[in-house]
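Participant: Mind folding the following:
(one chain, ligands or ions: 2)
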Amino acid sequence: MPFQPPLPAEYHNLEPDEIAQRVREHKDRFGRRLVILGHHYQRDDIIQFADFTGDSLKLSQIAAQQKGVEYVVFCGVHFMAESADILTDDSVTVILPDLSAGCSMADMAAIDQVEEAWDMLTAATPETIIPITYVNSAASVKAFCGGHLGACCTSSNARMILEWAFRQGRKVLFLPDQHLGRNTAYALGTPLDDMVVYDPHAAHGGLTREQVQAARVILWKGHCSVHQLFTAAQCDAVRAADPDVQIVVHPECDWSVVQKADLAGSTEYIIRTVNDAPPGSKWAIGTEINLVERLAKQHPDKQIRSLAPIQCLCTTMYRISPPHLLWTLDNLADGRVVNPIRVDAKTRHLAVVALQRMLANVSAQPVAAK
Ligand code: 13P
Ligand code: SF4
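Facilitator: Ligands and ions are numbered 1, 2, ... in the order given. Below you'll find the predicted structure:
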């Protein structure tokens, strides 16, 4: 994870109102030269400053559309800022207010592990393998997929991308999130028995040659530390307490949770589902707590709560704080760019191929609406 130096002392004890006023002054002064993007898992005290909010897909699309903008301040995590850098013109500088805002799932697939896996898998089978990476991955992994006939996907379009991949070849390597891969492939009719899990920490990925040859989908052994906190038992408990409650979860949750849920889809899909629900409806939501609490506040006429009785917080998203945002903008105003996210030209060249293949399949769909 890149090193984030501590903020200067002057940012430690600022009152929220003073921060808000100074951030707004910067925004007014920069005008259209600056755009602030906020992922749905960001805290409310950051979302208030976002020019655009969205899920990973929507924010990638918005980043790609920015013309005439000089700075994109990305309030999200590192891989999202990298995607924005890849998709924007060279004249645009993408900034991540806290460099330690990474994603533990993305860190579960390092490029050398992916290359080692590829050597093992392609030696085990003569069939073409199409590598699909969830956008929650490093730019180098995206570039690998772009260079090997593969593509990226987000939780919004995983279904379409997997369908696309199956049209290119019979076998797919899906990384780094085994759950999104399993949930999506299963929803498309692939039996669980046709999927195997490649463990980058085991010899030969923990797979025999025969297992690789028989598999239709090879899932990377990665997961989201936040969404793994949701369980099938929680679904049972919520329903036992109130049979009228509906359960909607993110497809990074375990397969057993998605099977028990009424609906599963990206953050944007979850928001749309709740927005469209009638007053009085009751929802238990399996995703990051900042989004669940925001939805509960926005819809006082509906009963909305987390599926889990414990706090499911993405601690790295949370690192983007108002003092970090202000520090970033103060420096920009003084002509200093702090925390630029720059993907080198060679990586960018192939990563853009994977991202463009994804953006060509833009229509967002739920992973498993039942
Ligand atoms: P979305 O694509 O639904 O925004 O999800 C991104 C993410 O990191 C979820 O954990
Ligand atoms: Fe990564 Fe999970 Fe946080 Fe999303 S919620 S950014 S997958 S750790």
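Participant: which residues touch the residue nearest to His39 when sequence neighbours are not counted?
Facilitator: Leaving aside its sequence neighbours, His39 sits nearest to Gly76 (CB to CB, 6 or more residues apart in numbering; 3.8 Å). All C-beta spots, glycine's among them, are computed from the backbone N, C-alpha and C. Shown in contact with Gly76 (CB atoms under 8 Å, 6 or more residues apart in numbering): Leu37, Gly38, His39, Tyr41, Gln42, Leu59, Leu96, Ala101, Met317, Ile320.
Participant: Which of the helices or strands spans Ile218?
Facilitator: According to DSSP states H and E, Ile218 maps onto strand 217-220.
Participant: So that strand, near ligand 2 or not?
Facilitator: No: using CB under 6 Å from any ligand atom, strand 217-220 stays clear of ligand 2, coming no nearer than 13.4 Å.
Participant: and what of stretch 311-321?
Facilitator: Yes: contact between stretch 311-321 and ligand 2, assessed by CB under 6 Å from any ligand atom, occurs at Cys314, Thr316, Met317.
Participant: Determine whether any part of the helix or strand of the chain with the lowest mean pLDDT lies close to ligand 2.
Facilitator: Lowest mean confidence among the helices and strands of the chain (mean pLDDT, DSSP states H and E): helix 56-65, at a mean of 84. No: Helix 56-65 does not reach ligand 2 (CB under 6 Å from any ligand atom); its nearest approach is 8.5 Å.
Participant: name the helices or strands packed onto that helix?
Facilitator: Here helix 56-65 touches strand 34-39, strand 52-54, strand 71-75, helix 78-87, helix 345-359, going by 3 or more CB pairs under 8 Å, 6 or more residues apart in numbering; DSSP states H and E.
Participant: 7 Å instead?
Facilitator: strand 34-39, helix 78-87, helix 345-359 (3 or more CB pairs under 7 Å, 6 or more residues apart in numbering; DSSP states H and E).
Participant: From the contacts of Gly76, pick the one nearest Trp255.
Facilitator: The shortest approach to Trp255 among the contacts of Gly76 belongs to Tyr41, at 22.2 Å (CB to CB).
Participant: wait, is the closest one part of a helix?
Facilitator: No: per DSSP: H, G, I helix; E, B strand; the rest coil, Tyr41 lies outside any helix segment and is coil.
Participant: Count residues in the vicinity of it, would you?
Facilitator: Per other CB atoms under 10 Å, the neighbour tally for Tyr41 reads 25.
Participant: how about it, what does it touch?
Facilitator: Applying CB atoms under 7 Å, 6 or more residues apart in numbering, we find Tyr41 in contact with Glu288, Asn290, Leu291, Cys314, Met317.
Participant: Could you tell me how far the third one is located from Arg272?
Facilitator: This means Leu291. Plainly put, Leu291 is 12 Å away from Arg272 if you go by CB to CB, to the nearest Å.
Participant: More neighbours: these two, which one.
Facilitator: Ranked by neighbour count (other CB under 10 Å), Leu291 and Arg272 place Leu291 first, with 24 against 14.
Participant: and that one, that's in a helix?
Facilitator: Yes: looking at Leu291 with three-state DSSP, it is inside a helix.
Participant: Distance of it relative to Leu263?
Facilitator: 15 Å.
Participant: who's in contact with the strand holding Ile218?
Facilitator: Residues external to strand 217-220 that are found in contact with it (CB under 7 Å, 6+ apart): 109, 121, 172-176, 178, 181-182, 185, 190, 194-198, 212.
Participant: following it, which helix or strand shows up next?
Facilitator: helix 232-241.
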